[in-house]
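Student: Got a predicted structure plus its sequence, pasted below:
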Amino acid sequence: MDRAMANNTFSDNVRVLKSEVSKTAYQGVAVAIASIVIATLAVCFYQNGEISIDGIINAQKNNFALWILDIVPFVFGVWGQYSGSIIAYQASALIFDQTQELRNRAEDLEKQANYAVTHDALTDLPNRGLFYDRVEQAILSANNQNRLLALLLIEIANYKEVYDTLGRTSSDQIIKQISSRLQGVVLGADSVARIDGNIFSILVSDLTDGKEMELLAEHIQKVLESAFVVERLSVPVHANIGIVHFPQHGEDVDTLVQKAGVALFMATSSNEGYAVYEPSFDEHSPRRLTLMSELRHAIERGQLELYYQPKVSIQDEVLYGAEALVRWHHPKHGFISPDEFIPMAERTRMITQLTLWVLKEAFKHCAAWRKQGKKLTISVNLSAKDLHDPSLPDLIAGVAVSTGIKPEWVILEITESSIMTDPELTLEVIDRLSEMGYQLSIDDFGTGYSSLAYLKQMPLTELKIDRSFVQDILVSENDDVIVNATINLAHNLGFHVTAEGVETEEIMDKLKTYGCDIAQGYYLSKPFSVSAFDKWMIESKWKPASEAS
Ligand code: C2E
Ligand code: CA
Ligand code: CA
């Protein structure tokens, strides 16, 4: 609030309070005047045995007690005005201070919330989103002032190995130490960011020539060379560094990050452990790195399509719904599996657009089926990055309204690992989605480390047992026991259970005896295009329940 506005509010408060107090003072004056009149009349009557004008004048002239009484209204008036002003000022100041304090507290909380959304909880460094924003701003001002920029991606190459050997707590310690060392190199936290579990980035905005970056890369390698110490263990870390220059290698942040990724890949096979991007790298870099830039255009060029895989209720043999699975028809490479391009999209901001596209398509198809009276529930996969975005529930609500979908027709599938990377942020988003009426499912259950007891604390409705367990229940006693026990435990905790990877009738029969609720897998069908799915619904023995039932 600016000072002039604050002053106005303050004097308005004083005016209101003063007029309230004045009202009471005026009442006091009125009572005093009434007392004078009554007392004068009483004195007049007492002295003359009647009430007359002369008698009243005489009483007022000669009676000392009445003189004192006459002064009272003036005293009341002046005193009332004076003390009224003081009380009004004090009360207003009190209210004003308290309001200001509450406002400051609200501002602090807002700042804290914004900070959590834009920073990495472990290192306190800017996260991927904030880093992209900063690069965008730097590009704008570099364009205006004809300046050069550089961007470095630093990948901790042996991070997975460290994590597998030392566990989460110790690897977190190492990441923190790496973060401190990097901030020491560039003298300031703002230009360093952690954009992925094992990838840091640095934005350099006051460049004079390209050679500087190679010196910086060498310096970083040196700084990371001495081993990190955690729990009295000495742990060496190997880093690779990819470098790109603006505007030479790209004019927008996505292109720059993609090309830095190519340079990073080439750095792995170089002696120095760093590489500056060159266009010739594109030929040698793995397909995924060139695909990454093409994925950005895949949506607008209509190369993506949603396929649907049926989910069937095992006990009553009706078609329960379908899982939406995205497909990319690449003009040169043909069909590309989501297993290849989803992780790629997750490394850039593409995943947000992709998820939004998938939601729009899936909701549209589901609305059409419901209109035909088919009671189908649609399952949509969300990625970890989606769940770290606090605006996701609003985005979904927007798509639901524009397509005419009811939240209870939708199951949002999330994986254990997405909850684990940033539980606080993810839980907030999950809670909101659940409050809005969406069903939430834990996908690929059994492949992560979370326990059912932990998952129970979340507003989940469905648990999907990973296909790696289900596929082998007939041949592996171990998997058989795991699947059976998981179904029982999940039921006891109130979850619905879907078994993925149901490839044969025998598996389906066995799951039925275990009381499993829903099956999904090649035995029922592979994922289909919408038209093939519509045809399958006519021909197959599993029919959707009708909307009325
Ligand atoms: P998922 O969510 O576990 O999806 C199930 C995958 O298992 C699908 O692979 C499906 O084709 C395959 N599958 C289904 N039944 C069987 C079976 O009986 N046996 C075997 N061996 N496989 C079966 P798909 O379509 O290639 O998808 C792979 C993964 O890509 C998905 O795994 C999911 O994690 C991700 N994905 C797919 N579409 C999307 C999407 O729209 N958004 C996000 N974020 N991820 C997606
Ligand atoms: Ca899934
Ligand atoms: Ca799955």
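Tutor: Received, thanks. Numbers count the residues shown, from 1 in each chain. Ligands and ions are numbered 1, 2, ... in the order given.

Student: Packing partners of the longest helix seen in the chain?
Tutor: As assigned by DSSP state H, the longest helix anywhere in the chain is helix 64-118. Judged by 3 or more C-beta pairs under 8 Å, 6 or more residues apart in numbering; DSSP states H and E, helix 64-118 is in contact with helix 3-48, helix 53-62, helix 128-145, helix 423-435. The C-beta positions use only the backbone N, C-alpha and C, and glycine is treated the same way.

Student: could you give the angle of the longest one to helix 64-118?
Tutor: Counting by axes from the mean of the first three to the mean of the last three C-alpha atoms, to 10 degrees, helix 3-48 lies at 160 degrees to helix 64-118.

Student: Can you check what angle separates helix 3-48 from helix 53-62?
Tutor: When the same axes, to 10 degrees is applied, the directions of helix 3-48 and helix 53-62 differ by 110 degrees.

Student: counting contacts, what elements does helix 3-48 pack onto?
Tutor: helix 53-62, helix 64-118.

Student: Just put the helices and strands packed on helix 64-118 in CSV and tack on mean pLDDT and mean neighbour count.
Tutor: Below are the helices and strands packed on helix 64-118 laid out as CSV (pLDDT from 0 to 100; neighbours: other C-beta atoms under 10 Å):
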stretch, mean pLDDT, mean neighbour count
helix 3-48, 75, 14
helix 53-62, 83, 14
helix 128-145, 93, 16
helix 423-435, 91, 17
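
Student: can you list these in a markdown table and add distance to A400?
Tutor: Converted to a markdown table, the helices and strands packed on helix 64-118 look like this (distance: least, C-beta to C-beta, whole Å):
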| stretch | distance to A400 |
| --- | --- |
| helix 3-48 | 40 |
| helix 53-62 | 83 |
| helix 128-145 | 24 |
| helix 423-435 | 11 |
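
Student: just so I know, which of those helices lies nearest T415?
Tutor: Evaluated over those, closeness to T415 peaks at helix 423-435, with 10.7 Å, by C-beta to C-beta.

Student: quick one: contacts of the closest one?
Tutor: By C-beta atoms under 8 Å, 6 or more residues apart in numbering, the surrounding residues in contact with helix 423-435 are 116-117, 121, 384, 387-390, 392-393, 396, 412, 414, 418-419, 440, 458-459.

Student: From the chain's centroid, how far away is the longest helix of the chain?
Tutor: Mean-position distance between helix 64-118 and its chain equals 41 Å (C-alpha atoms, centre = their mean, to the nearest Å).

Student: Show me the helices in the stretch 301-450 of the chain, by range?
Tutor: Using DSSP state H, counting those that start in this stretch, the helices of the stretch 301-450 of the chain run over 338-347, 350-371, 384-387, 392-403, 416-421, 423-435.

Student: Tell me which of the ones you listed sits most buried.
Tutor: Greatest average neighbour count among those goes to helix 384-387 (a mean of 22), per mean count of other C-beta atoms under 10 Å.

Student: neighbouring contacts of that helix?
Tutor: Applying C-beta under 8 Å, 6+ apart, the contact partners of helix 384-387 are 346, 351-352, 355, 392, 414-415, 417-419, 421, 425-426, 429-430.

Student: what's near enough to touch the residue nearest to S525 when sequence neighbours are not counted?
Tutor: The shortest distance from S525 to any non-neighbouring residue, by C-beta to C-beta, 6 or more residues apart in numbering, is to P310 (5.4 Å). By C-beta under 8 Å, 6+ apart, the contact list for P310 reads 319, 321-322, 520, 524-525, 533, 536, 540, 542.

Student: The same query, at a cut-off of 6 Å, please.
Tutor: For P310, the contact set (C-beta atoms under 6 Å, 6 or more residues apart in numbering) comprises 319, 322, 524-525.

Student: List the beta-bridge partners for it.
Tutor: A322 (DSSP bridges).

Student: mind listing what L463 touches?
Tutor: Going by C-beta under 6 Å, 6+ apart, L463 touches 442, 445, 490, 495, 497.

Student: Let's see that with 10 Å instead.
Tutor: 441-443, 445-446, 452, 455, 486-487, 489-491, 493, 495-499, 517 (C-beta atoms under 10 Å, 6 or more residues apart in numbering).

Student: tally of neighbours for whatever residue of the stretch 51-200 of the chain ends up closest to ligand 2?
Tutor: For the stretch 51-200 of the chain and ligand 2, the shortest gap (C-beta to the ion) falls at G197, measuring 21.5 Å. For G197, the neighbour count with other C-beta atoms under 10 Å is 14.

Student: Hmm, Y159 and it touching each other?
Tutor: Yes. Proximity of G197 to Y159 meets the contact threshold set by C-beta atoms under 10 Å, at 6.9 Å.

Student: what residues are shared contacts of these two?
Tutor: Here G197 and Y159 have 171, 175 as joint contacts, going by C-beta under 10 Å, 6+ apart.

Student: For this structure, what lies in contact range of ligand 2?
Tutor: Residues of the chain lying close to ligand 2 (C-beta under 5 Å from the ion) are 381, 413, 443.

Student: which of those count as buried?
Tutor: Listed as buried from the residues of the chain next to ligand 2 are 381, 413, 443; burial here means 16 or more other C-beta atoms under 10 Å.

Student: ok, the residues you listed vs ligand 1, which is closest?
Tutor: N381 (3.6 Å; C-beta to the nearest ligand atom).

Student: ok, the residue nearest the centre of the chain - contacts?
Tutor: What sits nearest the mean C-alpha location of the chain, by C-alpha atoms, centre = their mean, is P390, with 2.4 Å. Residues near P390 by C-beta under 10 Å, 6+ apart: 113-114, 116-117, 425, 428-429, 432.

Student: near ligand 1 too, which of the residues of the chain next to ligand 2?
Tutor: Residues of the residues of the chain next to ligand 2 in contact with ligand 1 (C-beta under 6 Å from any ligand atom): 381, 443.

Student: Which ones among the residues of the chain next to ligand 2 map onto strands?
Tutor: Under the assignment DSSP state E, the residues of the chain next to ligand 2 contribute 381, 413, 443 to strands.

Student: in the stretch 251-400 of the chain, which ranges drop under the pLDDT threshold?
Tutor: 288 (pLDDT under 70).

Student: mind checking how far A25 is from Q303?
Tutor: 80 Å (C-beta to C-beta, to the nearest Å).

Student: got it, and Q457?
Tutor: Counting by C-beta to C-beta, the separation of Q457 from Q303 is 40 Å.

Student: neighbour-wise, which of the two wins?
Tutor: Per other C-beta under 10 Å, whichever of Q457 and Q303 has more neighbours is Q303, with 16 against 8.

Student: Quick check: the gap between the more buried one and I336.
Tutor: Q303 is 9 Å from I336, by C-beta to C-beta.

Student: Now do the shared contacts for those two.
Tutor: Common neighbours of Q303 and I336 (C-beta under 10 Å, 6+ apart) are 294-295, 327-330.

Student: end-to-end on stretch 497-517?
Tutor: End-to-end span of stretch 497-517 (C-alpha to C-alpha, to the nearest Å): 5 Å.

Student: Same question for it: list its buried residues.
Tutor: For stretch 497-517, the neighbour count (16+ other C-beta under 10 Å) marks 497-503, 507-508, 510-511, 514, 516-517 as buried.

Student: from the middle of its chain, how far away would that stretch be?
Tutor: That offset, for stretch 497-517, works out to 35 Å (C-alpha atoms, centre = their mean).

Student: where does the stretch 401-549 of the chain have low pLDDT?
Tutor: Applying pLDDT under 70 to the stretch 401-549 of the chain flags residues 548-549.

Student: hmm, back to that, give me the subset of the contacts of L463 that lies in strands.
Tutor: Those of those mapping onto strands are 441-443, 445, 496-499, per DSSP E.

Student: what residues does this structure put near ligand 3?
Tutor: 443-444, 500.

Student: as a whole number, average confidence for stretch 112-125?
Tutor: Confidence for stretch 112-125, expressed as mean pLDDT, is 90.
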